[in-house]
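Trainee: Predicted model and sequence below, questions to follow.
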Amino acid sequence: QDRLEESGGGSVQAGGSLILSCAASGFDISIHCMGWFRQAPGKERVRVAYKYEADGSAYYEDSVQGGFTASQDNAKNTLALQMDSLELSDTAVYYCAAGLRVPGGCSWIKWGQGTQVAVSS
């Protein structure tokens, strides 16, 4: 059974850092788009970052460019999101996702259950 499970969320002060992890099982992340999304209270879920290592593609939302870094360990079938210089606006539930490569991007087909990140002043 395909599964994604996030961990590493929590509370942090503005300016601090967190590392989110996601363990995948039942499928090979090296041949999928692997990404991170977030959903802030009262807002829609939005894409934060993704990678498709098969063709070297990487994407970061403008607001996290330079502060967040997505990585993955294909041997362990895990991915991570290093989040630095966190701001209040980064407070959200964060989800990892797996997708199929399609022209122009990815079609997201698998989702984790989410992990809460709360940034305080």
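Mentor: Okay, I see it.

Trainee: residues in contact with the residue nearest the centre of the chain?
Mentor: With distances taken as Cα atoms, centre = their mean, residue 36 lies nearest the centre of the chain, 2.1 Å away. Residue 36 makes contact with 20, 22, 47-50, 68, 70, 79, 81, 94-97 under the criterion Cβ atoms under 8 Å, 6 or more residues apart in numbering. To be clear about C-beta, it is placed using only N, CA and C from the backbone, and glycine gets the same treatment.

Trainee: Quick check: it is in a strand.
Mentor: Yes. Residue 36 sits within a strand when classified using DSSP: H, G, I helix; E, B strand; the rest coil.

Trainee: returning to what we had before: return the closest of the contacts of residue 36 with respect to residue 113.
Mentor: Nearest to residue 113 out of those is residue 95 (Cβ to Cβ; 7.8 Å).

Trainee: residues touching the closest one, list them.
Mentor: 6, 36, 37, 38, 39, 45, 111, 112, 113, 114, 115 are the contacts of residue 95 under Cβ under 8 Å, 6+ apart.

Trainee: what about residue 108, is that helix, strand or coil?
Mentor: Under three-state DSSP, residue 108 falls in the strand class.

Trainee: re earlier: tell me the pLDDT of the residue nearest to the centre of the chain.
Mentor: pLDDT recorded at residue 36 is 98.

Trainee: gap between it and residue 121?
Mentor: 24 Å (Cβ to Cβ, to the nearest Å).

Trainee: what's the answer for residue 56, then?
Mentor: Residue 56 is 38 Å from residue 121, where distance means Cβ to Cβ.
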